[in-house]
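Colleague: Could you work out the structure for the sequence below:
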Amino acid sequence: MPQVRLIGPEGEQLGVVEVQKAIDMAEQYELDLVEVATNANPPVCRILDYSKFKYDEEKKERQAKKRQHQVHIKEIRLKPNIEEHDYQVKLKHLVDFLKKKDKIKVSLFFRGREMTHQDLGRRILDRLISESTEHGIVEKPPILEGRAITMVMGPKS
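Modeller: Modelled structure (predicted):
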């Protein structure tokens, strides 16, 4: 006859008993018999109100979900011939995103003959990095991919 280690409704140990006896005891308390540890030898069962147990578990999951912070990836797009005011606006957005603990993908696009002047694009990205170091760190350095240089910045921990 299969046996289980039984835990009572108040959390007390009731010892190792046969499965049928455990079911009968659960019916006496007008509660459910729930297997909590399948891999144990013998398996561990507990007498409890299963619907209340499920409700409490869902409540814990909701609380955990409420406390966690999701990281969003924002993108800032630049061109190598950006004007000073436009650059300052992009920098302000970058700093705001970093303060909100978001990651930022910075993309600098080259069009047509701008590809021959990649050094201008690198200079802009280097300036962007140096002016935002107090708020964030470079997680992926600037890399040329096709007609764009991309990098990823993250918030300082």
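Colleague: Sort out which residues of stretch 17-27 are buried, please.
Modeller: Judged by neighbour count using 16 or more other Cβ atoms under 10 Å, the buried positions of stretch 17-27 are V17, V19, A22, I23, M25, A26. (Glycine included, C-beta is placed from N, CA and C.)
Colleague: Distance from that stretch to the middle of the chain?
Modeller: Distance of stretch 17-27 from the chain centroid (Cα atoms, centre = their mean, to the nearest Å) equals 42 Å.
Colleague: Number the chain from 754, please
Modeller: From this message on, residue numbering opens at 754, which makes the last subject stretch 770-780.
Colleague: Just confirm K856 contacts G907, I think it does.
Modeller: Yes. Using Cβ atoms under 8 Å, K856 is in contact with G907, at 4.9 Å.
Colleague: Between these two, which contacts overlap?
Modeller: The contact sets of K856 and G907 overlap at E892 (Cβ atoms under 8 Å, 6 or more residues apart in numbering).
Colleague: Go ahead and flag the most central residue of this protein.
Modeller: Geometric centre of the chain, nearest residue: Q823, 5.4 Å, by Cα atoms, centre = their mean.
Colleague: Shouldn't that residue be within a helix?
Modeller: No. Judged by DSSP: H, G, I helix; E, B strand; the rest coil, Q823 forms no part of a helix; its state is coil.
Colleague: how much space between it and K852?
Modeller: Look at Q823 and K852: by Cβ to Cβ, to the nearest Å, they are 16 Å apart.
Colleague: Which stretches in the protein count as helices?
Modeller: Using DSSP state H, the helices of the chain run over 772-781, 803-820, 837-852, 871-884.
Colleague: Now tabulate those in a markdown table and tack on mean pLDDT.
Modeller: Converted to a markdown table, the helices of the chain look like this (pLDDT from 0 to 100):
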| stretch | mean pLDDT |
| --- | --- |
| helix 772-781 | 92 |
| helix 803-820 | 91 |
| helix 837-852 | 95 |
| helix 871-884 | 93 |
